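Engineer: next come a sequence and a model predicted from it.
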Amino acid sequence: MTKEEETLDDLKYLLGNMGIEILLAIDKGAKDFETIKLFSGIPLSCIKGRIPVLIDLNLIEKHNNKFCLKEKGLNFKRKLERKNNNKII
């Protein structure tokens with residue numbers, strides 16, 4: 001396993017499914033707690049608990065009360081997509 005794959009797996013385990021869904025919702029245009037809830041279907045209390053983790057991991061940031069992906073978040077999303085595209089179903 002390469003270092004890049006370890007990092008991807010480490011982040012996946014840290015975030016869990018809910019954290020990844022929140023990150024993807026932000027990528028699709030959700031900018032605040034309510035729109036993240038609408039885009040992801042995740043309860044507001046879970047979103048409020050996971051957002052600080054995403055910020056601490058440098059995956060998202062908050063500008064003018066709106067969340068957006070940082071470069072590390074975009075790279076993480078791309079790696080997830082690549083890994084999912086390479087899976088044999």
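Structural biologist: Looks like it came in fine.
Engineer: ok, Leu69 touching Asn58?
Structural biologist: No. Checked against C-beta atoms under 8 Å, the pair Leu69 and Asn58 is beyond contact range at 10.5 Å. C-beta here means a position set from N, CA and C on the backbone, and glycine is covered the same way.
Engineer: settle it for me: which of these two has more neighbours?
Structural biologist: Leu69 (18 against 12; other C-beta atoms under 10 Å).
Engineer: if I look at the nearest residue to Asn58 once chain neighbours are set aside, how far off is Leu57?
Structural biologist: Computed as C-beta to C-beta, 6 or more residues apart in numbering, the closest residue to Asn58 that is not its neighbour in sequence is Lys72, at 4.9 Å. Using C-beta to C-beta, to the nearest Å, we find Lys72 at a distance of 8 Å from Leu57.
Engineer: with Pro43 instead?
Structural biologist: Pro43 is 21 Å from Leu57, by C-beta to C-beta.
Engineer: more neighbours, these two?
Structural biologist: Leu57 (18 against 11).
Engineer: what kind of secondary structure is Lys62 in?
Structural biologist: Per DSSP: H, G, I helix; E, B strand; the rest coil, the local secondary structure of Lys62 is strand.
Engineer: show the contacting residues for it.
Structural biologist: Lys62 makes contact with 55, 68 under the criterion C-beta atoms under 8 Å, 6 or more residues apart in numbering.
Engineer: likewise the one 5 residues further on?
Structural biologist: Contacts here follow C-beta under 8 Å, 6+ apart; on that basis Phe67 touches 26, 30-32, 36, 51, 60-61.
Engineer: what do you get for Lys31?
Structural biologist: Lys31 makes contact with 66-68 under the criterion C-beta under 8 Å, 6+ apart.
Engineer: now the residues you listed as CSV including pLDDT and distance to Ile20?
Structural biologist: Output for the contacts of Lys31, formatted as CSV (pLDDT from 0 to 100; distance: C-beta to C-beta, whole Å):
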residue, pLDDT, distance to Ile20
Lys66, 97, 20
Phe67, 98, 15
Cys68, 97, 17
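Engineer: take these and keep only those in strands.
Structural biologist: The strands, defined by DSSP state E, take in 66-68 from the contacts of Lys31.
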